[in-house]
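>>> heads up, no residue letters with this:
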């Protein structure tokens, strides 16, 4: 056997051993990573600026969304003008949770607007050019909020870093619009 072929055999054997050990380490770490995700709990608190209602809920528990808690969120974020309840996209809640975490703030979000019925959206659109005709609020994919203790401009900046949907900044009204639509900002 030539010297080059011995080196090649040793390299292959060494590479196989390395890959085998690496695989074993990854397999050993996988249950811990899976457990960490399964144990994750995501909770949010809200104050509705129009109704005065409050809500605190753990909407994500033991590795999945909690249907009963999502139902509470759907009711809380209903169209307060008509009382109509609509399913809220859990992605909206995940955006809020990530913002709260990045901001390092545990205050409740102040909700200006969650779900809007088509009738409410049409009425608001007739009063303001800032309300989109086909608003994602009507699909339960948008929310307008502020977070006490975090400047609205800072909340907007943090939301932009997520790159997970639309971010609207309304400094005169002191709120940020967040949605799970395509990435865009205004």
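Perfect, I can see it now. In this text the structure is predicted, and so the values were computed from the model without any measurement.

>>> Could you use CA atoms for every contact and neighbour count after this?
Fine.

>>> ok, residue 44 - contacts?
By C-alpha atoms under 8 Å, 6 or more residues apart in numbering, residue 44 lies in contact with 56-59, 93, 96-97, 108-109.

>>> Which strand or helix spans it?
strand 42-48 (DSSP states H and E).

>>> and the next element down the chain from that strand?
Downstream of strand 42-48, the next assigned helix or strand under DSSP H and E is strand 54-61.

>>> returning to what we had before: each with direction, which strands does the strand holding residue 44 pair with?
Sheet pairing for strand 42-48, assigned by DSSP bridges, gives strand 54-61 (antiparallel), strand 109-113 (parallel).

>>> in the longest one, what's buried?
By neighbour count with 16 or more other C-alpha atoms under 10 Å, strand 54-61 contains the buried residues 57, 59-61.

>>> Among those residues, give me the pair with the biggest separation.
For the buried residues of strand 54-61, the farthest-apart pair by C-alpha to C-alpha is 57 and 61; their separation is 10.3 Å.

>>> show me where this protein has strands.
Secondary structure of the chain by DSSP state E: the strands cover 42-48, 54-61, 64-65, 109-113, 142-146, 166-170, 175-179, 184-185.

>>> Indicate which one of those is closest to residue 122.
For residue 122, the closest of the strands of the chain is strand 109-113, at 14.3 Å, according to C-alpha to C-alpha.

>>> And the contacts of the closest one?
With contact meaning C-alpha under 8 Å, 6+ apart, strand 109-113 is reached by 44-50, 77, 79, 143-148, 175.

>>> And those residues, which of them are buried?
Taking 16+ other C-alpha under 10 Å as the criterion, what is buried in the contacts of strand 109-113 is 44-48, 77, 79, 143-147, 175.

>>> Just put those residues in JSON lines and tack on pLDDT and distance to residue 113.
Shown next, in JSON lines, are these (pLDDT from 0 to 100; distance: C-alpha to C-alpha, whole Å):
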{"residue": "44", "pLDDT": "98", "distance to residue 113": "16"}
{"residue": "45", "pLDDT": "98", "distance to residue 113": "15"}
{"residue": "46", "pLDDT": "98", "distance to residue 113": "12"}
{"residue": "47", "pLDDT": "98", "distance to residue 113": "11"}
{"residue": "48", "pLDDT": "98", "distance to residue 113": "8"}
{"residue": "77", "pLDDT": "98", "distance to residue 113": "7"}
{"residue": "79", "pLDDT": "98", "distance to residue 113": "8"}
{"residue": "143", "pLDDT": "98", "distance to residue 113": "6"}
{"residue": "144", "pLDDT": "98", "distance to residue 113": "5"}
{"residue": "145", "pLDDT": "98", "distance to residue 113": "7"}
{"residue": "146", "pLDDT": "98", "distance to residue 113": "11"}
{"residue": "147", "pLDDT": "98", "distance to residue 113": "14"}
{"residue": "175", "pLDDT": "98", "distance to residue 113": "10"}
